[in-house]
Every structure is written in structure tokens, then in C-alpha cells.
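1. here's my sequence, what's the structure:
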Amino acid sequence: MIHYHKLGDVPPKHHVTHKENGKMLMEQCMTRVAFKSTYSIIYYRTPPTDECKVRSMELPGFCPVVPIAEQLLHRRHLRTQDMQPTGDFLTGRRTLLMNADIQVGVCKIAQPAGKSWFTNGEGDECWFAYDCGGTLESVYGVQSFNKQDYILIPKGTPYRLHPDNDRGTFLVFESATSIDLPQQFRNESGQITMDAPYCHRDFHGPTELLSFDESRHGKPPYDWVVKFGNRLSVHEYEHFPWDVAGWDGVAYPVTFNILDYQPKTATIHLPPTSHITFAGRGFVICSFVPRKVDYYDKGEYKAIPCPYGHASVDCDEILYYVEGNFTSRKGIESQSISLHPMGVPHGPHPGTYATSVGAERTNELAVMCDTFKPLLLTKAADAIEDKDYHYTWVRRENTPMETSK
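-> Residues are numbered from 1 along each chain as shown. Okay, the predicted model is just below:
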């Protein structure tokens, strides 16, 4: 996805014999868009097809997931800070928002990862580590991640995620297709351009191959949970299935820290999409980081750093608030998710627009996602919604507020 990488031992050409201690290794091609796009080639000591049993599984709140039936069109606020930690990286996942292109959820981990490994067979995933670092184990190897890292995991990747101290909060995007760098940030050779908001050096892949350790991975059987078609299937193995001698290619997990994003600044306010970080079919993911704000100053006419009111009639917009003081919002806290749907105008809360004039910097840190299909709430989202949010532009709990005029 980012650049070519290799770990372990691979032969000089694709699809030729490759042995270790006299034993033939099994080559597996992990390809994208059939055989037309990016790929990696993995060499297994035991074929990954040698499972001994397959069964179904359900994880309420994650899979299967369905939207709530009745959803009026209005601005919404989900208080994910009110969600209680539970389960591990898999059993603790809760999907909050969904459409045909993307699902957005939160995972608040409260215990060590179990023996199960997970693969999203429907599309790529992007985890945002809100409050912790840790380790990602995958078929491609072991890699560390830091607090406020994005962790991009390609479709079809078996993995387990371990936050430090087995505790951590994550925002999770699940694409129905891919999550990658926007095309405008690559040149004709696929290299990241010099005017992009990041460079190749900002992205980090696995640093070592995965080594089986019974104390860490347990005894057989080993479960591999695969998500596809809003269903989970569990493939059971009598051997440790991720025993890899080597691999190479460009499809593998990478990490990127949000504070390595290089924001654009201008004399007047730029649209939210100027903060674009990743893109998929039907959506973009953007990063709001501390930066110098708009500085137009011509006599009586001065830049207004606070976002202007707008009606983006072709897309829904969600914001996950990480830290700092978000210029345009009142009553929003860290871990809040706001949803401003297409068809309904939205803008700054009263009092925030004029008071932003003259500001020189913003310290906000947030993750945004714009989608081109409406996002629907799930039961898990309905349980944590601030039902009064739509009315906070004029009142809250019958307390008069300055109205927008």
C-alpha cells in the first residue's frame, strides 16, 4: 500500500521452488482487485488451507450488525466516552455507524487478546489508537504502534492487536473496499509526492517475522475468525497457522502517527477536505492537528478561523474529538463523535464564530470522516446518543443561548 517491503527469506523469483531445511514452503499470493493491483507473496511452513473445522460465530454489537429502524434526519452527538471497556480487540468491538461503503466503531479493550485471530474479509481496516501504544501481530510479522497512531490493516490480513497493559481505546473504520493514500498524493511511479502532507518515512511496517511462542499463543486448537457478508466464521487449526519463513510485496499493515500529518494553512479558511489523510470508495478520512490558522488581515476585513456554516448536500460528516479545544463546538468532549448529515445545514455553535477572529493557532486534535452515502446508527450508537444535541444551537436543558442570526 505504501512501498515495497521484505522480511525473512524469499526466493529470487516468484512461483519457483523455495525450501527450508529441505522442506518445500507453500507460496501464497495476497492480491488486490483480482491480480491487477498491489500484492504480497508469503511463504508458509505449513499450508494455511489445512484447517480442521469451520463453525459460525456471533459477536453482538459487532457482527452481525443492523441499523436502528427509525432515524430522523438531524445532527447527532454520540458520547463514546460513556462506553464501558469490555473484551479484547475482537470481542470488545462495537459498530456505531454504517453504510454500504464503511462502518465506524469503537473498541475499548479491557483484557488480553484471546487465542482467536481475526481477518476482515470484506475490506481494509483503519484503527486509531486514542490513548495507548502497543503491538500488532499479523501474518506479516510484529510491529509496534504508538498513542495516536493510525494502524492500516489490509483486507485478508490475519492479526491480533495488543495494547500496552491490555487496556486501550480505539476508533475503528472498516471499509467495504480499500483504505489508501489519495491518488493526488502519488506521482506516476507511486511515490508520495513532495507536496503531500506526509512522506514515506512517516509510515512504518512490520519489523520482524512472527515467531510461535506457546506461552503467548497457547496450545492448539487455534481459531481464525473471518468476517464476510455481515457474518463471522471460525476456522480451527491443529497447528499454529501463521508460521511464515518470509514474504515480500506492498500489501501489509502500516502505522502512521496523526501528529506527523503536515497541515495546510492559508490566508482564509480552507474546506475540511484540505485535511484529507486517507481515502476509500465513497469516503475520506481526515486529520485535524494543531496548526497556524487563517491570517488574512486587510483593514476591517479579517480572516475567520472558525469553520463557516455549510450544507454539504452530498456527504455526511463525522468528527471524533481527541483533545484540545475544538473551535466551533460547545458541549463536546474528548471521545465525542458528532454526525452532521447531508440535507441539514450545520455550522459553528453560537458565540464561537465571532470570538475566533484574531486567533493565531488552534490546538485541536480530531479525526474526521466524510461519506457520500448516509450513515445509519446502530443500537450501540442509539444507547449513547446525546438526544438534545440537535437543539444546542439555540438551547440546552431549557437554558437560553445566543441564537445564530
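2. give me the nearest residue to the most centrally placed residue in the chain, chain neighbours excluded.
-> Per Cα atoms, centre = their mean, the C-alpha nearest to the average position across the chain is that of Cys126, at 2.6 Å. Computed as Cβ to Cβ, 6 or more residues apart in numbering, the closest residue to Cys126 that is not its neighbour in sequence is Phe173, at 4.3 Å. No exception for glycine: its C-beta is placed from N, CA and C like everyone else's.
3. residues touching Thr86, list them.
-> When contacts are counted by Cβ atoms under 8 Å, 6 or more residues apart in numbering, Thr86 touches Gly92, Lys108, Ala110.
4. model confidence for it, exactly?
-> The confidence metric pLDDT takes the value 97 at Thr86.
5. rewinding a little: for the residue nearest to Cys126, give its distance to Gly105.
-> Between Phe173 and Gly105 the computed distance is 8 Å (Cβ to Cβ, to the nearest Å).
6. next, show the common contact partners of those two.
-> The contact sets of Phe173 and Gly105 do not overlap (Cβ under 8 Å, 6+ apart).
7. more crowded one of those two?
-> Per other Cβ atoms under 10 Å, whichever of Phe173 and Gly105 has more neighbours is Phe173, with 25 against 22.
8. check what pLDDT Pro400 gets.
-> In this prediction, Pro400 has a pLDDT value of 39.
9. by mean pLDDT, flag the weakest helix or strand of this structure.
-> Taking mean pLDDT, DSSP states H and E as the measure, strand 399-400 is the helix or strand of the chain with the lowest mean score, a mean of 40.
10. break this structure down into its domains, please.
-> When the chain is parsed into structural domains using automatic domain parsing, the resulting residue ranges are 5-257, 264-387.
11. distance between the ends of the first one?
-> Just to be clear, that refers to domain 5-257. The first and final residues of domain 5-257 sit 19 Å from each other (Cα to Cα, to the nearest Å).
12. start at 42, not 1
-> Let's use 42 as the start, then, which means that last one is domain 46-298.
13. sorry, back to before: any chance of the contacts of Thr127 in a markdown table, with neighbour count too?
-> Listed next are the contacts of Thr127 as a markdown table, based on neighbours: other Cβ atoms under 10 Å:
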| residue | neighbour count |
| --- | --- |
| Gly133 | 23 |
| Lys149 | 21 |
| Ala151 | 14 |
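14. out of these, who's nearest Gly365?
-> Taking Cβ to Cβ as the measure, Gly365 lies nearest Lys149 of those, at 21.2 Å.
15. quick check: bridge partners of the closest one?
-> Counting by DSSP bridges, Lys149 is bridged to Thr210.
16. where exactly do the strands run in the stretch 42-191 of the chain?
-> With DSSP state E, counting those that start in this stretch applied, the stretch 42-191 of the chain shows strands at 46-49, 60-61, 64-65, 67-72, 80-85, 94-98, 117-120, 134-139, 143-150, 158-161, 166-170, 175-179, 182-186, 190-194, listed in chain order.
17. how about the stretch 342-446 of the chain?
-> Remark: strands assigned in the stretch 342-446 of the chain by DSSP E, counting those that start in this stretch are 342-343, 357-364, 377-381, 402-403, 406-412, 417-418, 436-437, 440-441.
18. out of those, flag the one nearest Pro52.
-> Comparing the strands of the stretch 342-446 of the chain against Pro52 with Cβ to Cβ, the closest turns out to be strand 406-412 (41.1 Å).
19. avg pLDDT for that closest one?
-> The predicted model assigns strand 406-412 a mean pLDDT of 97.
20. so what's the gap between that strand and the chain middle?
-> Strand 406-412 sits 10 Å away from the centroid of its parent chain (Cα atoms, centre = their mean, to the nearest Å).
21. paired strands for that strand, with orientation please.
-> In the sheet containing strand 406-412, the strands it pairs with under DSSP bridges are strand 324-329 (antiparallel), strand 357-364 (antiparallel).
22. what angle separates the shortest one from strand 190-194?
-> Taking axes from the mean of the first three to the mean of the last three Cα atoms, to 10 degrees, strand 324-329 and strand 190-194 form an angle of 160 degrees between their directions.
23. before we move on, back to that, name the stretch among the strands paired with strand 406-412 that sits most buried.
-> Mean neighbour count, computed with mean count of other Cβ atoms under 10 Å, is highest for strand 324-329 among the strands paired with strand 406-412, reaching a mean of 23.
24. next, the angle strand 166-170 makes with that strand.
-> For strand 324-329 and strand 166-170, the angle between their directions (the same axes, to 10 degrees) works out to 20 degrees.
25. got the contact list for strand 324-329?
-> Outside of strand 324-329, the residues that reach it under the criterion Cβ under 8 Å, 6+ apart are 142-143, 167, 214, 216, 220, 223, 299, 302, 304, 313-314, 316-320, 360, 405-413.
26. now do that strand, average pLDDT.
-> pLDDT averaged over strand 324-329 gives 97.
27. what does the helix or strand just after it rub up against?
-> Per DSSP states H and E, the first helix or strand lying C-terminal to strand 324-329 is strand 332-333. Strand 332-333 has contacts (Cβ under 8 Å, 6+ apart) with Pro304, Thr306, Glu401, Arg402, Thr403.
28. quick one, what contacts the fourth one?
-> Contact criterion Cβ under 8 Å, 6+ apart gives Pro331, Arg332, Lys333, Val334 as the residues in contact with Arg402.
29. ok, now His310?
-> Contact criterion Cβ under 8 Å, 6+ apart gives Asp335, Ala344, Ile345, Pro346, Cys347, Pro348, Tyr349 as the residues in contact with His310.
30. what ranges does the stretch 292-441 of the chain have for its helices?
-> Using DSSP state H, counting those that start in this stretch, the helices assigned to the stretch 292-441 of the chain run over residues 393-396, 420-423.
31. quick one: mean pLDDT over the first one.
-> Helix 393-396 carries an average pLDDT of 72.
32. now it - C-alpha only, PDB.
-> Listed in PDB are the C-alpha atoms of helix 393-396, where the atom choice follows Å, rounded to 0.1, in the frame of the first residue of the first chain:
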ATOM      1  CA  THR A 393     -17.800  30.600  18.600                       C
ATOM      2  CA  TYR A 394     -17.800  32.300  15.200                       C
ATOM      3  CA  ALA A 395     -17.000  35.900  16.100                       C
ATOM      4  CA  THR A 396     -14.700  35.100  19.000                       C
END
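33. noted, bye for now.
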